[in-house]
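*Asks:* Predicted coordinates and the sequence they were generated for:
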Amino acid sequence: MHVVLWDPRNTGVWKDLAGGMGAARCEGWGGLAGRLVRFWVRERRPPPLLLAHLVAALRRRGHTVEYVCGRFDRPADLFILRPALSTLAIEREAAARLLATHPRAKAMFVGPVASTLPQALDGLGAMIVKGDAEQLYWTLDEVLERPGATVQLGWLEDLDRLPLPDWSPFLPRSFRLGREFARFPSTFVEQSRGCPCRCDFCSHAHLDGVRFREPEAVVDEIRHGVHAWGFRSFSLRGPAFGHDPRRTFELADRLLRAPERVVFSIKTRADCLRPEALRLLKRAGLACVVVDAAEPDLPEPCGDVPAARDAALEEFIAACRALGIRTVAEFVAGDPHDPRQSLLRALGRARRLRPTLAEFHLLTPYPGTEWFDRHAGEWNSADGVALTRTRAVLRYEGFKPEQIERLQRHCYCRFHLRWAAVRDWTGSRWSAFVGRLVRRPGPLVAPGAGPAALPPQAAPPDAPRGKRRLRSDGPHTRPGFSDRHSERRPPE
Ligand code: SF4
């Protein structure tokens, strides 16, 4: 069977961000100042990790796979589309057009948006796969027997059973995560899925708990990425790095003992990592920490953060700066009752905390969260299509959405175009350069040299632990919390 992974072209949305819902990144003003900031952090992000896992899985099952951007003339037996919230309309239209152009083919929607908002993709005759779509490795034939159905695969308990991602259709040499690294090409490696906190506005909430991977499997995947694709920097996915100290120390230890020289970034919260863990991770190659500046148990996501908590965050960022680790702080702003003050307050916090880079996300209701249900009907976009973190989708009292978006861009540029920010950024580049000179020696491996030095990945068994029987879903409502609880094991 020939499978085409279909993606729209140049939407500016990174589908792996925001818990897989996809988000655009604020790019500041136009003009020279905006261009300067964009030049600092220019990126070419890898396509979603899910697609790389699907390539590996489908090829292992003997199918041919092609990655197609924006074209409709490539024939296939099966088209797979992985929508983000803000590309939902594009992908819906594309599926209809693909099925009309290739009437013998089937189409399938996968990913977090297909899982949480299947009603938006209904009525096209395409299959909708809910749950962890990587399980198609074991279940593709069964799913294909149900054309047009919505199929619930549930959550995969053991993420280490997936075949290693295959990046070959995606030009992996061009991947560049400029916000986080000074060494390229870069890629994603999943370290955990979901978050142990349960903020009711967070895009990770639909995952309902956290699943960690074993450090040994993470390091094997990193080493495989170095040998097979030539990657030199790795963004470890998962918002809760450091939540399990045993895994944190073991990962650092294994990276220190590995012969490959790599740098990596993590996403965490200030209270998840102790200073000694930070020092050890720095020795193992930690280059950047994306730190969550939203507080989990505030009544409102962009409310006033108590001074004591901000002091802990400030201390954490200062410790990173002292170690030469770049920090990217992510603020959530845009309180619907007072959006202007909320954004300016976030800008003030960013200036006080002094991360290397800052992101100002507008509050966005994500499907699968309590916030989404609570604020249903309160946003400007009737069909939920424009849900990104750079579009003002909520209705603001006394403000037009464009005014709020302009203010967000203003905050972004005002933070980065300061002498202190330029100095911190230059310092982080300089420390990355010095770190490259003084780090312990290790082989620089040519891409494609082959993973000969690595232990071969054990072939996954025919059926993973925790696999559930497929079932067609009934009405297309998002799965209720009790329903989801019954489908997966409790979080560790
Ligand atoms: S702590 Fe951060 S990542 Fe975790 S649920 Fe809350 S907002 Fe989401």
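*Replies:* Okay, I see it.
*Asks:* Which residue ranges make up the domains of the protein?
*Replies:* 2-159+453-487, 173-438 (automatic domain parsing).
*Asks:* is the last one up against the ligand anywhere?
*Replies:* Okay, so that is domain 173-438. Yes. Judged by C-beta under 6 Å from any ligand atom, domain 173-438 comes into contact with the ligand at C195, C197, C199, C202, H204, P239, R269, D292, A294, P296. To be clear about C-beta, it is placed using only N, CA and C from the backbone, and glycine gets the same treatment.
*Asks:* mind putting the domains of the chain in JSON lines, mean neighbour count and mean pLDDT included?
*Replies:* Shown next, in JSON lines, are these (neighbours: other C-beta atoms under 10 Å; pLDDT from 0 to 100):
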{"stretch": "domain 2-159+453-487", "mean neighbour count": "18", "mean pLDDT": "81"}
{"stretch": "domain 173-438", "mean neighbour count": "19", "mean pLDDT": "85"}
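*Asks:* Serialize the ones you listed to TSV and add fields for distance to D166.
*Replies:* Converted to TSV, the domains of the chain look like this (distance: least, C-beta to C-beta, whole Å):
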stretch	distance to D166
domain 2-159+453-487	4
domain 173-438	9
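*Asks:* List the residues that contact the closest residue to P48 other than its chain neighbours.
*Replies:* Spatial nearest neighbour of P48, chain neighbours left out: K15 (4.5 Å); criterion: C-beta to C-beta, 6 or more residues apart in numbering. Contact analysis of K15 by C-beta atoms under 8 Å, 6 or more residues apart in numbering lists G22, P47, P48, R82, A84, T87, G111.
*Asks:* Touching, the first one and E91? I think so.
*Replies:* No. G22 is beyond contact range of E91, at 10.7 Å (criterion: C-beta atoms under 8 Å).
*Asks:* roughly how far apart are the residue nearest to P48 and the ligand?
*Replies:* Distance, K15 to the ligand, using C-beta to the nearest ligand atom, to the nearest Å: 17 Å.
*Asks:* now L49
*Replies:* 17 Å.
*Asks:* Enumerate every residue touching R45.
*Replies:* W14, D16, F175, L177.
*Asks:* Now do the first one against the ligand, distance only.
*Replies:* Computed with C-beta to the nearest ligand atom, the distance linking W14 and the ligand is 16 Å.
*Asks:* same question, the third one
*Replies:* Plainly put, F175 is 24 Å away from the ligand if you go by C-beta to the nearest ligand atom.
*Asks:* wait, is S235 part of a helix?
*Replies:* No. Counting by DSSP: H, G, I helix; E, B strand; the rest coil, S235 is not found in a helix; it is strand.
*Asks:* Show the contacting residues for it.
*Replies:* L177, E180, S186, T187, F188, V189, F264, S265.
*Asks:* if we can go back for a sec, which residues are in contact with each of G22 and E91?
*Replies:* By C-beta under 8 Å, 6+ apart, the residues touching both G22 and E91 are P83.
*Asks:* Please produce a markdown table containing the contacts of K15, extended by secondary structure and distance to I404.
*Replies:* Listed next are those as a markdown table, based on DSSP: H, G, I helix; E, B strand; the rest coil; distance: C-beta to C-beta, whole Å:
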| residue | secondary structure | distance to I404 |
| --- | --- | --- |
| G22 | coil | 20 |
| P47 | coil | 30 |
| P48 | coil | 28 |
| R82 | coil | 29 |
| A84 | coil | 21 |
| T87 | helix | 22 |
| G111 | coil | 28 |
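*Asks:* which one of these sits closest to D335?
*Replies:* For the contacts of K15, the residue nearest D335 by C-beta to C-beta is G22; the value is 23.1 Å.
*Asks:* Disregarding residues adjacent in the polypeptide, which is nearest to that closest one?
*Replies:* Nearest to G22 is A84, by C-beta to C-beta, 6+ apart, at 2.4 Å.
*Asks:* if I pick the one you found, what's in contact with it?
*Replies:* Counting by C-beta under 8 Å, 6+ apart, A84 makes contact with T11, V13, K15, M21, G22, A23, G111, V113.
*Asks:* out of those, which are inside helices?
*Replies:* V113 (DSSP state H).
*Asks:* what ranges do the helices span in the stretch 1-150 of the chain?
*Replies:* 31-40, 49-60, 88-101, 112-116, 136-144 (DSSP state H, counting those that start in this stretch).
*Asks:* following the last one, which helix or strand shows up next?
*Replies:* It stands for helix 136-144. Going down the chain from helix 136-144, the next helix or strand is strand 150-152, by DSSP states H and E.
*Asks:* Note down every partner strand of that following strand and its orientation.
*Replies:* strand 127-130 (parallel), strand 471-472 (antiparallel) (DSSP bridges).
*Asks:* What is the nearest of the contacts of S235 to the ligand?
*Replies:* S265 (15.5 Å; C-beta to the nearest ligand atom).
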